[in-house]
Every structure is written in C-alpha cells, then in structure tokens.
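Trainee: My questions are about this predicted structure, shown below with the sequence.
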Amino acid sequence: MNQEKLIEELVNEVLKKMQQGGTAAARKTVGGNYGEDLDPEKDYPLATKRPELLKTPTGKRLADVTLENVLKGEITAADVRITPETLKMQAKIAEKVGRYQFAQNLLRASELTQLPDERVLEIYNALRPYRSTKEELLEIADELEKKYNAVVNANFIREAADVYERRGILKA
C-alpha cells in the first residue's frame, strides 16, 4: 500500500472515531483562563481588535514589532515567535465558534512552543509510518508529559501508537 493511501486511511479512521464520540471530549479542549472573556464577534482577529492582549515571548507588545524596531535591532527572531498564551486565546475563540478540532490543534501547538525545534522535527519523523516501535512512541509521550507538561500532545502520541499498532504500521 502506498504511503498516500495509508495516510488517507489513517485520517479517515480518526475522523470516524471523532464522529463516534470523540466530539464530546474535543469540546473540553482549552483549560485555564486564557480568553475566557473573549467574544469572537468583537475580539477576532486578536491582532487587529485586541492587540493589547498579545505579547512576544520576550514580553514586548505587538505594537513594538515594527520594521523600524527590527532595523534598530530592538526586535529579534525571538520576538516574532508565537506564544503559548496567544495560541490558547486563539483556541478559546475557535472553541466558542464550535471549531473544536481546530481548537485542539491550536492547543497542541501551544504545548509544542515549549520544545526545541529540533525535537519537534524528531517527533514528527518518529510519527511517520514504520519509523518507530510502539515502545518508542510511548517513550516520546512520557517525555512530552513529564519533561514539557505537554499532556495533550502526549495523549495524541499514545493514541497514534495504538492506531499504528492496529494498522500494522509500526517499525518491526
């Protein structure tokens, strides 16, 4: 079976599972106080309508990210990365308009901002079919949960390990 067909079948299996009851769990996507009072009608997009809520990872205001400040060296690459808080606010907005899966994706992304880029790429490659054993995937899940407090991603990896096992696409 070619890899595109395999990926299509995996996506279909996940979608089917979501329709059979995963939706209720997905509705409980975003915890914490991020964006509790946000109104999608009044506040979205955040950068335009609520820029005062957005900060860079170094604590600068969104208004400080200008070409002039970049040219002066006051804005660095670290200042143009998205923060977990911004992603969580976006997830809350998505959740409030019923886009639960998108909210879940944003929540996973918020957790991944805490990982080094190289580690994210390693995990991505480990998730490709036939690249990892179930034990290796479960070790990644434990690392995500214990080292980075990335519980949503850890659960995602554990679910992938089970699906890969059922589909027979784990590394031998």
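Mentor: Nice, thanks for sending it over.

Trainee: hey, let's count contacts and neighbours off CA atoms from now on
Mentor: OK.

Trainee: Tell me which helix or strand comes right after the helix or strand bottoming out on mean pLDDT in the chain.
Mentor: For the chain, scoring each helix and strand by mean pLDDT, DSSP states H and E identifies helix 23-26 as the least confident one, at a mean of 44. Where DSSP states H and E defines the elements, the next helix or strand beyond helix 23-26 is helix 40-43.

Trainee: What score does residue 32 have for pLDDT?
Mentor: pLDDT, residue 32: 60.

Trainee: for residue 11, same thing?
Mentor: Model confidence at residue 11, given as pLDDT, is 70.

Trainee: Check the gap between the residue sitting furthest away from the middle of the chain and residue 104 for me.
Mentor: Largest separation from the mean C-alpha position in the chain: residue 72, at 32.7 Å (CA atoms, centre = their mean). Residue 72 sits 38 Å away from residue 104, going by CA to CA, to the nearest Å.

Trainee: next one: residue 149
Mentor: Distance from residue 149 to residue 104, counting by CA to CA: 16 Å.

Trainee: Equivalent analysis for residue 59, please.
Mentor: Residue 59 is 25 Å from residue 104, by CA to CA.

Trainee: Specify which residue of those two has the higher count of neighbours.
Mentor: Neighbour count, other CA atoms under 10 Å: between residue 59 and residue 104, residue 104 has more, with 23 against 10.

Trainee: Would you mind confirming that the more buried one makes contact with residue 90?
Mentor: No. The pair residue 104 / residue 90 is not scored as a contact, 10.4 Å apart, by CA atoms under 8 Å.

Trainee: after the one helix or strand residue 118 maps to comes which helix or strand?
Mentor: Using DSSP H and E, residue 118 sits within helix 117-126. Sequence-wise, the next helix or strand downstream of helix 117-126 (DSSP H and E) is helix 134-148.

Trainee: which intervals of the protein have sub-threshold pLDDT?
Mentor: Applying pLDDT under 70 to the chain flags the ranges 1, 10, 12, 14-36.

Trainee: Spatially nearest residue to residue 96 (excluding sequence neighbours)?
Mentor: Among residues not flanking residue 96 along the chain, residue 40 sits closest, at 7.2 Å (CA to CA, 6 or more residues apart in numbering).

Trainee: just residue 47 next, same as before
Mentor: In space, residue 47 is closest to residue 54, 7.2 Å off (CA to CA, 6+ apart).

Trainee: OK, contacts around the one you found?
Mentor: Neighbouring residues of residue 54 by CA atoms under 8 Å, 6 or more residues apart in numbering: 46-47, 61-62, 86.

Trainee: possible to save the residues you listed as JSON lines with secondary structure and distance to residue 112?
Mentor: What follows is these, written out as JSON lines (DSSP: H, G, I helix; E, B strand; the rest coil; distance: CA to CA, whole Å):
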{"residue": "46", "secondary structure": "helix", "distance to residue 112": "21"}
{"residue": "47", "secondary structure": "helix", "distance to residue 112": "21"}
{"residue": "61", "secondary structure": "strand", "distance to residue 112": "22"}
{"residue": "62", "secondary structure": "helix", "distance to residue 112": "21"}
{"residue": "86", "secondary structure": "helix", "distance to residue 112": "13"}
